[in-house]
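> Structure for the following, please:
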Amino acid sequence: MSQLVRFSNSPEIYRAAQDLFAEVERRIHAALPHAEVRHVGSTAVYGSLTKGDLDVLVRVNQGDFQEADGVLAELFRRNEGSDKTESFSAFMDTSVSPELGVQLVADGTKYDRFTEWADRLANDEKLRSSYDELEARYDGKDMSDYRAAKDEFISSNLGERE
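Purely as a prediction, here's the structure:
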């Protein structure tokens, strides 16, 4: 059975995401003091449509990636449905509200686009509006179809990085 995606822009979602981010950021910085930790994704942009989950980016130097991957694997459950490479891995916690996704990237690699995307959404009203329209079109529809459309939208707006 396919999973359906739902979107909202309720103020409570953003407050809950900010509160959880503060807690997660403290935990990650305690374990990885030199990592950059950022709130990314739609809950980082107040008022935009969102699935209501919290996405956290952890950026480290390539030389620190393997160690950081091991540390995060002790803090969070690995997201087995996501890619894992020498410069990207993903973790999750579905026991918290909102649900949490943590993406670990090596600085300067092709996966290091999360901050660029978050900054563009926060600062480009036309882009954010177009992204909200995309999400509204998929509200109540299949999650995998939404993810494919979202990936295509982001790639077309950021361009590809080698």
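> all helices for this structure, in order.
11-31, 65-75, 114-123, 125-138, 143-158 (DSSP state H).
> Out of those helices, flag the one nearest H39.
Of all the helices of the chain, helix 11-31 sits nearest to H39, with 4.5 Å by CB to CB. Where you see a C-beta, it was placed from the backbone N, CA and C, and this is true even at glycine.
> mind listing what's buried in the closest one?
Across helix 11-31, burial judged by 16 or more other CB atoms under 10 Å covers 13-14, 16-17, 20-21, 24-25, 28.
> ditto for stretch 142-150
Going by 16+ other CB under 10 Å, stretch 142-150 has these buried residues: Y146.
> Just the pLDDT at the nearest residue to R59 once chain neighbours are set aside, thanks.
Counting by CB to CB, 6 or more residues apart in numbering, R59 lies nearest to E36, which is 4.2 Å off, once chain neighbours are set aside. With respect to pLDDT, E36 has a value of 97.
> Repeat that for E162.
Predicted confidence (pLDDT) for E162: 50.
> Check D69 too.
So, for D69, pLDDT stands at 98.
> The one 3 residues further on now?
pLDDT, the model's per-residue confidence, is 98 for L72.
> so it touches F88, yeah?
No: look at L72 against F88 with CB atoms under 8 Å: they stay out of range, at 11.9 Å.
> Which one of the buried residues of helix 11-31 is nearest to S48?
Among the buried residues of helix 11-31, and counting by CB to CB, the member closest to S48 is Y14, at 9.3 Å.
> returning to that earlier point: common neighbours of L72 and F88, please.
L104 (CB atoms under 8 Å, 6 or more residues apart in numbering).
> Tell me which of those two has more neighbours.
Taking neighbours as other CB atoms under 10 Å, L72 and F88 compare with L72 leading, 22 against 18.
> Tell me who's in contact with that one.
Per CB under 8 Å, 6+ apart, neighbours of L72: 28, 31-32, 58, 89, 91, 102, 104.
> Lowest-scoring secondary structure element of this protein by mean pLDDT?
helix 114-123 (a mean of 90; mean pLDDT, DSSP states H and E).
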